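*Asks:* sequence first, predicted coordinates after that:
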Amino acid sequence: MSKKITIEPITRVEGHGKVTIKLDKNNKVTQSRLHIVEFRGFERFVQGRPYWELPVLVQRLCGICPVSHHLAAAKATDILVGIGADELTATAEKMRRLMHYGQIFQSHVLHFFHLVSPDLLFGIDADPAIRNIIGVALKHKDLAVRGVLMRKFGQEIIKVTAGKKIHGTGAIPGGINKNLTIAERDYFLDGKAIPSVDTMIEWALDTVEFIKSYQKENRQFIDGYAAFPSNHLSLVAKDGALDLYHGVLRAVDAEGNRILDDIDYSEYYKYIAEEVRSWSYMKFPFIKSLGKEKGWYRVGPLARLNTCDYIPTPLAQKEFEEYKSYTHGKPNNMSMHTHWARLIETLHSAERIKQLLNDPDLQQTDLVKKGQKASVGVGLLEAPRGTLFHHYQINENDQVTMCNLIVSTTNNNEPMNQAVNWVAMNTISGKPEPQITEGLLNGVEVAIRAYDPCLSCATHAIGKMPLEVAFVDEYEKVISSKCKNID
Amino acid sequence: MSTKINFTIDGKNCSADKGMFVLGAAQKNGIYIPSLCNIEGLAPRGSCRVCTVKINGKLMVACSTPVAEGMKIENETEELHDLRKQIIELLFVEGNHLCPSCEKSGNCELQALAYRLKIMAPRYPYQFPVREIDASNPKLIKDHNRCILCKRCIRAIQTDDGKNLFAFKQRGCKLTINIEPSTSAAITDEIATKAAKICPVGALLKKEVGFVQPIGHRLYDHLPIGNTASLNIISSREKDTNT
Ligand code: SF4
Ligand code: FES
């Protein structure tokens, strides 16, 4: 008799996922799936709205990285008002970048300190009552305080650029609605009211040191856990530099061969398709030339450091070189190294924020440009968790008629499924009497968390999933189950 | 003969010129009575009832009732506060007011009144009516989801030769604001800007303006509606925006 184990919902992951692991009669894993069972429908309900609402409207998709959606939509609406990303005024482009790097910084810090550090500090088998951010705060107070202050710093950057820490309005079609005042700038530079940007760089460096020494001491876990070969995709600057706001689309395979060679992202649909599978609301994107089976790819920090040639800030570049030397310059396919890559990006973001804060262009007053209107606009950027695609079409009355969003989580859908499968294969497959232990539950989450703490934005369902743990036989008949939070 | 009228609001002695309506007379005496459909300079309509006060013990609307000698007006009472709250709540539930993505947010009088009256959630069930957005005019968008039928646009916007640009269409719960087809082409940038400004909610929007006004610079970002000091704050902030 084969059985299916269901774990839901996944905790410390926003939104609700459900993982099913099917076992055959020898308790060997035959199939593992990450189902996304929440439906949000943004692609449908923006239809009919005027296009200039998009950057403010669609950012409501997400409470963790709204800025990414805000800016990706703004980039798409720039095209609608006839302004290419390279044509924005210097002030507009740099204010948006400042907003974006502030967002990456706070999101990476949140992801690492609040969601990942409990797993690293206490081990994935630790009692969940300790293995959380409160546990970290009690045992490693300095680390927790830094996490909070670093996140605050990023949030404050967002506030001065977007107007609010969450769901602001800073980016508008063709530019931005405010510049940075001297007083706002000095708030981040002088270290009086909050720790300065220099302190942020110093703390980001310390955190990279932490993950490096953790990796040295826990090599087997960090290198081996949920590791598998894959393709990698991201935007890179035209010269191959890591660029989180704008660039061309590049993809490499597990060996580093180019699959997409710096293509113009406005034509992404010629190269990338999305597969729908009956058991998940989340689609499965793939590179057309490689087909559904082989064309899936990873996005996010790991992918970005695999696709870019260098990092254009000195301290992060130095760390990048050390990181790359670990895999002898080849793409890194170790899922847990995503955290290492994320922390290098955190450092890079702090360095970029410092550069931008010191740039007098941010005090200029030329904020918006308009050109020849267009009916289709595509905007891509590198969100904290990977490449984010926004694609809109409007009618002659300025109303949205079509919207396609491929969010970072969707891009990482297959890799997350692969990671879950790895955990199932390596922890329960073939064991007599497999049980849903806390260790297995968290093991699955640790694998997903390397990619994403957030699934809600990626889906197209209404409703709150209760916790259900079920064994089912080959006919999908439940033979035993455990439930939590069922009304 | 004196043209001054003497009356009291919540026990405070007030006076105003004969012929003034209670709403304006209160304002003259530094007292704010919440209002929504009323606009200064135009004849009152008394359609929203937000300005309801008690005059000599009777519920009456302040915007269209003239002051009279010896009136005893109640304004800041629990009962009236709750009555006004109910009216605002009803306006929220019978339309689709999605403040988070509305470009009028921060400048919207309905939203500002909800904040001032401390409405957390309406006591009535949402109706979620199916209403359309009409974006066919090149200058102006009508979002019927947000229209509260206050008639301000009809009363305030006319062509140079005195023709109305807006009118009501249909009846009862089907009532909507309509742009007169014959005068639709007369909607200029200036008229569109004026209409968007006169509309207390975001039902009339000038096209392609969107969110140009940063958060912190909008009318009710710092002080609640009914507080004239907020206007001074805005103008002083405008000056240092770009320095
Ligand atoms: S469109 Fe605006 S001004 Fe006109 S009736 Fe509706 S809410 Fe009032
Ligand atoms: S303001 Fe008096 S009834 Fe509307």
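*Replies:* Received it, and whenever you're ready, just let me know what you need. Numbers count the residues shown, from 1 in each chain, chains lettered A, B, ... in the order given. Ligands and ions are numbered 1, 2, ... in the order given.
*Asks:* so where is the chain shaky, pLDDT-wise?
*Replies:* By default, I'm working from chain A. For chain A, the stretches with pLDDT under 70 are A:1-17, A:35-40, A:63, A:128, A:438, A:453-487.
*Asks:* hm, I was asking about chain B
*Replies:* In chain B, residues with pLDDT under 70: B:1-2, B:228-243.
*Asks:* smallest gap between it and chain A, at which residue?
*Replies:* Here the residue of chain B nearest chain A is B:I215; by Cβ to the nearest Cβ that distance is 3.0 Å. The way it works is simple: take the backbone N, C-alpha and C, and place the C-beta from them, glycine included.
*Asks:* contacting residues around that residue?
*Replies:* Neighbour list for B:I215: A:162-164, A:168-169, B:106, B:221 [criterion: Cβ atoms under 8 Å, 6 or more residues apart in numbering or on different chains].
*Asks:* quick one: the strands in the stretch 301-450 of chain A, in order.
*Replies:* In the stretch 301-450 of chain A, the strands defined using DSSP state E, counting those that start in this stretch lie at A:376-383, A:386-394, A:400-406.
*Asks:* would you mark the buried spots in the last one?
*Replies:* Meaning strand A:400-406. A:400, A:403, A:405-406 (16 or more other Cβ atoms under 10 Å in any protein chain shown).
*Asks:* now residue 162: phi and psi?
*Replies:* No chain was given, so I picked chain A. phi -110, psi -10 (degrees, to the nearest 10).
*Asks:* tell me which element the spatially closest residue to it that is not a sequence neighbour is part of?
*Replies:* In this structure, A:A162 finds its nearest non-sequential neighbour in A:G168, 2.7 Å apart by Cβ to Cβ, 6 or more residues apart in numbering or on different chains. Under DSSP states H and E, no helix or strand contains A:G168.
*Asks:* might you report the residue contacts of A:G168?
*Replies:* A:67, A:70, A:158-159, A:161-162, B:215.
*Asks:* show only the entries of these found in helices.
*Replies:* Residues of these located in helices (DSSP state H): A:67, A:70, A:158-159, A:161-162.
*Asks:* just flag the most distant two among the residues you listed.
*Replies:* Within these, A:H70 and A:K159 form the most distant pair, 13.2 Å apart (Cβ to Cβ).
*Asks:* how close does A:G84 get to A:K75?
*Replies:* Separation of A:G84 from A:K75 (Cβ to Cβ, to the nearest Å) stands at 10 Å.
*Asks:* who has more neighbours out of the two?
*Replies:* A:K75 (27 against 11; other Cβ atoms under 10 Å in any protein chain shown).
*Asks:* who's more crowded, A:H70 and A:K159?
*Replies:* A:H70 (30 against 19).
*Asks:* strands of chain B, residue ranges please.
*Replies:* Using DSSP state E, the strands of chain B run over residues B:4-9, B:12-17, B:52-55, B:58-61, B:72-74, B:133-134, B:140-143, B:166-169, B:176-179, B:204-206.
*Asks:* for those, give me a markdown table that also has mean neighbour count and distance to A:G291.
*Replies:* Below are the strands of chain B laid out as a markdown table (neighbours: other Cβ atoms under 10 Å in any protein chain shown; distance: least, Cβ to Cβ, whole Å):
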| stretch | mean neighbour count | distance to A:G291 |
| --- | --- | --- |
| strand B:4-9 | 17 | 77 |
| strand B:12-17 | 15 | 80 |
| strand B:52-55 | 21 | 69 |
| strand B:58-61 | 16 | 70 |
| strand B:72-74 | 18 | 76 |
| strand B:133-134 | 18 | 41 |
| strand B:140-143 | 24 | 44 |
| strand B:166-169 | 16 | 55 |
| strand B:176-179 | 19 | 52 |
| strand B:204-206 | 24 | 46 |
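*Asks:* quick check: which of the ones you listed is nearest to A:F284?
*Replies:* strand B:133-134 (33.9 Å).
*Asks:* quick one: the closest one near ligand 1?
*Replies:* No: counting by Cβ under 6 Å from any ligand atom, no contacts exist between strand B:133-134 and ligand 1, the nearest distance being 10.8 Å.
*Asks:* helices or strands next to that strand in the packing?
*Replies:* Packed against strand B:133-134 by the contact rule (3 or more Cβ pairs under 8 Å, 6 or more residues apart in numbering or on different chains; DSSP states H and E) you find strand B:140-143.
*Asks:* list the neighbouring strands of the strand it packs on plus their orientation.
*Replies:* Paired neighbours of strand B:140-143 in the sheet (DSSP bridges): strand B:133-134 (antiparallel), strand B:204-206 (antiparallel).
*Asks:* for the residue nearest to A:G240 when sequence neighbours are not counted, list the residues it contacts.
*Replies:* Leaving aside its sequence neighbours, A:G240 sits nearest to A:D309 (Cβ to Cβ, 6+ apart; 3.4 Å). Residues in contact with A:D309 (Cβ under 8 Å, 6+ apart) are A:236, A:239-241.
*Asks:* how about the residues you listed, which pair is most distant?
*Replies:* A:V236 and A:D239 (8.3 Å).
*Asks:* okay, those two: which has more neighbours?
*Replies:* Neighbour comparison, A:V236 and A:D239: the larger count goes to A:V236, with 21 against 12 (by other Cβ under 10 Å).
*Asks:* give me the neighbour count for A:E396.
*Replies:* 10.
*Asks:* now for it: which residues touch it?
*Replies:* So A:E396 contacts A:S375 (Cβ under 8 Å, 6+ apart).
*Asks:* tell me how far it lies from ligand 1.
*Replies:* Distance of A:E396 to ligand 1, computed by Cβ to the nearest ligand atom, to the nearest Å: 23 Å.
*Asks:* and that residue, what are its phi and psi?
*Replies:* Dihedral angles (degrees, to the nearest 10) for A:E396: phi -70, psi -10.
*Asks:* so how far is A:L405 from it?
*Replies:* 23 Å.
*Asks:* returning to what we had before: of the contacts of B:I215, which are in range of ligand 1?
*Replies:* Applying Cβ under 6 Å from any ligand atom, the subset of the contacts of B:I215 adjacent to ligand 1 is empty.
*Asks:* how near is B:K85 to ligand 1?
*Replies:* In terms of Cβ to the nearest ligand atom, B:K85 sits 19 Å off from ligand 1.
*Asks:* what about that residue, neighbour count?
*Replies:* When neighbours are counted by other Cβ under 10 Å, B:K85 comes out with 20.
*Asks:* just to check, it is in contact with B:R116?
*Replies:* No: assessed by Cβ atoms under 8 Å, B:K85 is found out of contact with B:R116, at 9.9 Å.
*Asks:* give me the element A:R146 is part of.
*Replies:* In the assignment (DSSP H and E), A:R146 maps to helix A:141-162.
*Asks:* circling back to that earlier point, could I get the strands paired with strand B:140-143 as a markdown table with distance to ligand 2?
*Replies:* Below are the strands paired with strand B:140-143 laid out as a markdown table (distance: least, Cβ to the nearest ligand atom, whole Å):
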| stretch | distance to ligand 2 |
| --- | --- |
| strand B:133-134 | 25 |
| strand B:204-206 | 18 |
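*Asks:* on that earlier part again, wait, which of the contacts of B:I215 is closest to ligand 1?
*Replies:* Checking the contacts of B:I215 against ligand 1 by Cβ to the nearest ligand atom gives B:G106 as the nearest, at 16.7 Å.
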